[in-house]
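> Pasted the sequence and its predicted model underneath.
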Amino acid sequence: MRYRSLLCAGLVAILTIGQTIAAQEPAHTFQIGKASFLLDGQPFVIRCGELHFARIPREYWKQRLQMCKAMGLNAVCLYLFWNFHEWEEGKYDWSGERDALEFCRLAQQEGLWVILRPGPYSCAEWEMGGLPWWLLKGDRNVLRTRDPEFMKPALAWIKEVGRVFAPEQITQGGPILMVQVENEYGYYGDDVKYLDALKSAFTAAGFDIPMFVCNPPNLLSKPVPEGLLKVANFGSDAPGAFKTLRQIQPDAPLMCGEFYPGWFDGWGTPHQEGNLKGYLKNLEYMLENNISFSIYMAHGGTSFGLWAGSVGPKPQKAAFSPDTTSYDYDAPISEAGWVTPKFLATRELIKKHSPAEQLILEPPQAAPVVAFPQITLREQAPLFENLPQPITDTEPRTMEKYAQGRGVILYRTTLPPGPAGTLEAAFAHDLAWVFLDGKPMGVMDRRSRKFSIDLPERSKAATLDILVEAMGRINFSPQLHDRKGLQGPVVVKSGDQVTPLHDWRVFRLGLDDKMLADLQWKPTTQNEGAAFWKGAFTVDKPGDTFLDVSSWGKGVVWINGHCLGRFWNIGPQQTLYLPGPWLKKGTNEIVILDLLGPAQPVVQGVERPVLNKLRPEADFSPADYSKIPPTPVPPLSIQQQ
């Protein structure tokens with residue numbers, strides 16, 4: 001027995017050594033030549049598509065990758081959102097929906113190369129551009145700089161990325177061809193030493209493949225460290241963009257790092273659709289000239305949970321514009337993974353410019369679509385009756401100061417007797433409902449920089465409540481340091497008299513699993529303002545559906561514990577994508593937080609998304625929304641066939 005055990009152990013050791021040696025032998029080589037990329041020494045054109053595993057249910061990763069392959073692509077971009085994997089400082093999570101390594105390996109199994117984009121900064125209309133919220137706990141603005149307060153955690157992140165992904169490089173038999181350093185840094189700064197520090201960190205983390213940086217054509221001239229390939233990001237005028245790139249970088253392959261077929265949506269703004277004719281014209285130019293590209297997005301997906309970001313201030317535009325939950329992007333592959341006319345046109349164009357022997361497979365079958373009839377939610381947990389234990393403070397401070405990353409936060413103090421006046425705060429990020437003894441006084445709205453509310457005369461002391469909702473942090477703007485909640489001083493002005501308000505109680509409402517589990521429910525038949533609602537619906541056979549929330553005000557939806565994301569009746573999005581794998585055969589639970597209160601507490605599952613229905617914005621009171629008719633459900637189209 002002992003002899004047989006030793007023999008088995010020896011065989012296992014030999015096999016292990018053999019596997020290790022095999023894993024260390026590079027299956028291919030990939031280099032940057034003077035005119036083209038070189039795969040195993042031969043010219044190679046990257047035909048890539050961007051899709052974000054974090055915006056796709058894990059059960060659908062394989063189908064979406066197969067869709068990219070069927071469109072004629074040979075590679076996919078893999079964004080790593082730092083905050084998605086390190087929401088709590090020092091705690092990395094690569095499990096379940098965050099298992100990016102599995103997504104990378106699935107891509108290789110489907111015959112797709114991978115371009116890794118690990119940040120530290122990403123943008124991507126994602127919460128804070130992928131940077132963790134806890135970087136804002138301090139008072140200083142240090143993001144994307146060489147300040148140790150930023151660099152220490154950023155370098156730790158890069159080291160962790162190397163631990164997980166360095167073994168997946170092409171030099172070690174994996175699918176990763178190149179790695180991007182930072183992202184569109186030209187918009188933010190020009191510190192070459194900062195980029196060089198990141199480049200050195202990737203090398204130290206074990207990356208020995210080509211590295212690159214991307215910028216729009218007008219910023220390509222900004223200096224970068226030696227050894228980093230420059231690629232251009234654009235959605236139009238490919239000839240002009242590449243002329244600029246060639247003048248700046250004469251001896252390197254041409255590549256478009258982000259080629260835009262569409263665009264993303266913001267709450268309260270029209271639904272964006274790309275110019276199909278212009279898109280195809282520029283794509284054909286790159287195909288005809290053997291220029292590498294990455295379509296951003298090939299498939300947009302959905303910013304589930306509270307991950308959707310926001311756009312910061314722009315000249316002559318809103319001070320703040322939060323992004324919708326849908327990230328459909330008018331991409332060739334729809335939000336639910338359907339074939340679209342843009343997909344078919346892209347596929348035909350790539351086939352036209354591919355060798356005859358290159359087989360482009362048929363698209364995989366889309367998931368089945370189901371609907372369910374209208375149901376009424378009959379249980380309620382009023383928000384003000386489900387408050388946690390408060391924190392006491394002399395002045396109101398931002399969420400980050402109270403170790404809260406997202407959700408809703410309530411600030412409460414006592415207002416002394418006095419004449420009518422105006423309540424003013426330094427800022428309220430992002431929407432704040434003001435109550436006096438429980439009666440609504442008005443709304444502070446960051447989009448219009450409105451941080452003041454008129455208050456009536458008070459003959460006695462009154463309780464002042466300021467309920468602040470944090471939308472996604474700014475992901476694209478020099479103003480990335482987007483701290484949430486209420487910032488003092490908070491004062492009441494009446495004529496020449498200014499009364500500072502002190503002694504606050506602060507209630508943190510993080511909208512996490514623990515908070516939802518602790519809610520106290522009661523039957524209800526009426527709208528009581530800001531509240532959680534609960535109900536159930538039955539599904540005979542699970543499939544993808546779209547939750548019609550057009551009768552609700554503003555808030556968040558959970559189905560069977562899965563957070564579908566935010567809704568807001570101003571549009572243009574009026575439905576939320578609900579993936580079939582998140583449904584159960586039989587009874588399913590739905591929970592809705594509505595900060596305004598619904599016109600009617602009803603929902604239904606429909607077979608088509610509604611992404612393009614704007615509504616004129618009046619007041620933020622339920623009465624105004626009760627006059628809005630239900631959203632009509634359009635018929636099915638080619639997208640679902």
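Cool, the structure landed.
> Could you list the low-confidence segments of the stretch 251-400 of the chain?
The stretch 251-400 of the chain contains residues with pLDDT under 70 at 315-316.
> the helices in it, which residues?
Using DSSP state H, counting those that start in this stretch, the helices of the stretch 251-400 of the chain run over residues 276-288, 341-352.
> which strands and helices sit next to the longest one?
Meaning helix 276-288. helix 238-248, strand 255-259, strand 292-299, helix 341-352 (3 or more C-beta pairs under 8 Å, 6 or more residues apart in numbering; DSSP states H and E). (Each C-beta comes from the backbone N, C-alpha and C, glycine too.)
> nearest to Leu383, of those?
strand 292-299 (35.3 Å; C-beta to C-beta).
> hang on, the earlier thing: now the helices and strands packed on helix 276-288 as TSV including distance to Tyr79 and mean neighbour count?
Shown next, in TSV, are the helices and strands packed on helix 276-288 (distance: least, C-beta to C-beta, whole Å; neighbours: other C-beta atoms under 10 Å):
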stretch	distance to Tyr79	mean neighbour count
helix 238-248	22	16
strand 255-259	11	26
strand 292-299	10	26
helix 341-352	21	17
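> and the ones you listed as CSV, adding distance to Pro118?
Shown next, in CSV, are these (distance: least, C-beta to C-beta, whole Å):
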stretch, distance to Pro118
helix 238-248, 23
strand 255-259, 14
strand 292-299, 15
helix 341-352, 27
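> In TSV: the helices of the stretch 251-400 of the chain, plus distance to Ala238.
Compiled in TSV, the helices of the stretch 251-400 of the chain are given as follows (distance: least, C-beta to C-beta, whole Å):
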stretch	distance to Ala238
helix 276-288	4
helix 341-352	13
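> And the helices and strands packed on helix 276-288: which comes nearest Gly586?
strand 292-299 (30.7 Å).
> angle of the closest one against helix 341-352?
Going by axes from the mean of the first three to the mean of the last three C-alpha atoms, to 10 degrees, strand 292-299 is angled at 150 degrees with respect to helix 341-352.
> Quick one: residues in contact with strand 292-299.
Applying C-beta atoms under 8 Å, 6 or more residues apart in numbering, the set of residues contacting strand 292-299 from outside is 37, 45-52, 56, 64, 67-68, 71, 73, 75-77, 115, 233, 253-262, 283, 286, 327, 329, 331-334, 337, 346.
> Now intersect those residues with the strands, please.
Counted as lying in strands by DSSP state E, out of the contacts of strand 292-299, are 37, 47-51, 75-77, 115, 233, 255-259.
> which pair in these spans the largest distance?
Phe37 and Leu51 (21.2 Å).
> And the spatially most central residue of the chain, how far from Phe304?
Of all residues in the chain, the one closest to the mean position by C-alpha atoms, centre = their mean is Trp126, 3.1 Å from it. Distance of Trp126 to Phe304, given as C-beta to C-beta, to the nearest Å: 11 Å.
> With Lys34 instead?
Using C-beta to C-beta, one gets 44 Å for the distance from Lys34 to Phe304.
> More neighbours: the two, which one.
Phe304 (22 against 9; other C-beta atoms under 10 Å).
> Excluding sequence neighbours, find me the nearest residue to that one.
Gly565 (5.4 Å; C-beta to C-beta, 6 or more residues apart in numbering).
> Give me the neighbour count for that neighbour.
Neighbour tally, Gly565, other C-beta under 10 Å: 22.
> ok, what's across the strand from it?
Counting by DSSP bridges, Gly565 forms beta bridges with Val557.
> How about the contacts made by it?
Going by C-beta under 8 Å, 6+ apart, Gly565 touches 302-308, 325, 556-557, 576.
> cool, and Phe150?
Going by C-beta under 8 Å, 6+ apart, Phe150 touches 135, 142-144.
> I'd like the distance between the residue nearest to Phe304 and Lys199.
In this view, Gly565 and Lys199 are 35 Å apart by C-beta to C-beta.
> cool, and Arg146?
To Lys199, Arg146 is 13 Å away according to C-beta to C-beta.
> out of those two, which sits in the busier spot?
Neighbour totals were compared for Arg146 and Lys199, and Lys199 leads with 22 against 15 (other C-beta under 10 Å).
> how many neighbours does Gln169 have?
Neighbours of Gln169 under the rule other C-beta under 10 Å: 23.
> Test my guess that it contacts Met211.
No: in this structure Gln169 lies outside contact range of Met211 using C-beta atoms under 8 Å: 11.5 Å.
> so what sits against both of these two?
With C-beta under 8 Å, 6+ apart as the test, Gln169 and Met211 reach no residue in common.
> List the contacts of the residue nearest to Asn74 when sequence neighbours are not counted.
Closest residue to Asn74 apart from its sequence neighbours, by C-beta to C-beta, 6+ apart: Arg47 at 5.0 Å. By C-beta under 8 Å, 6+ apart, the contact set of Arg47 is 72-75, 292-293, 350.
> For Arg47, name its beta-bridge partners.
If you apply DSSP bridges, the partners that Arg47 bridges to are Phe293.
> any idea how far it lies from Asp323?
Relative to Asp323, Arg47 is positioned 28 Å away (C-beta to C-beta).
> List the residues that contact Ser326.
By C-beta under 8 Å, 6+ apart, the contact set of Ser326 is 265, 300, 302-303, 335, 573, 576-577, 609, 611.
> if we go to 10 Å?
Counting by C-beta atoms under 10 Å, 6 or more residues apart in numbering, Ser326 touches 55, 264-265, 271, 300-303, 308, 335, 546, 565, 572-573, 575-577, 609-611.
> Just to be sure, which of these are found in strands?
Those of the contacts of Ser326 mapping onto strands are 546, 565, 575-577, per DSSP E.
> shouldn't Leu431 be in contact with Leu486?
No: the criterion here is C-beta atoms under 10 Å, and Leu431 misses it with Leu486 at 11.4 Å.
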